[in-house]
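[1] below is the sequence, then the predicted model.
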Amino acid sequence: MNAIELLTQDHKNMRALLEELAGTTTRGVKKRKELVEKIETSLRAHNTIEEEIFYPAFKKAGDGKDDAKMYFEALEEHRAAGDLVLPDLLKTDVDSEKFSGRAKVLKELFEHHADEEEKEMFKRAKALLSKKTLEELGEQMAQRKVELKKRQEAA
């Protein structure tokens, strides 16, 4: 699976988890806890493989200010979702309305980020990177994801 296919599949899975979380109520305590754990694991693994493997390859292949802007914007969106909203969500009582609001904000942030990547960055990456390179990146990212999930399960 090439890098773009892998990341697009991750986006699809995250959208489904976030949609399911958004559909829960304050009474769905057990379901919310399960979903937020899955979301944390998936989001952290996804962000890590993008930041360690895909984004650097994209930035290196880029040939102008627009590519650099896309790269830095993507990093900032990761920071907003992964370092600000997600930690707040994890600290929020799952049976509160505050949790519902934070879950919705995380969902909206993620959807905006994924849409931009799919419409702009991935399209540009296909022009900048060869099919062979995208395949190699996909393999590296898949291996790294397995490592990250094993590490999280062991923790």
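    Yep, that arrived.

[2] which helix or which strand is home to residue 25?
    Counting by DSSP states H and E, no helix or strand carries residue 25.

[3] tell me which residue lies farthest from the centre of this protein.
    residue 27 (27.3 Å; C-alpha atoms, centre = their mean).

[4] helix/strand/coil for that one?
    Look at residue 27: counting by DSSP: H, G, I helix; E, B strand; the rest coil, its state is coil.

[5] go ahead and confirm it touches residue 95.
    Yes - between residue 27 and residue 95 there is a contact under C-beta atoms under 8 Å: 7.4 Å. All C-beta spots, glycine's among them, are computed from the backbone N, C-alpha and C.

[6] ok, the residue farthest from the centre of the chain - contacts?
    For residue 27, the contacting residues are residue 95, by C-beta atoms under 8 Å, 6 or more residues apart in numbering.

[7] any idea how far it lies from residue 100?
    12 Å (C-beta to C-beta, to the nearest Å).

[8] quick one: average confidence on the longest helix seen in the chain?
    Identified as the longest helix of the chain according to DSSP state H is helix 131-154. Here helix 131-154 scores 93 as its mean pLDDT.
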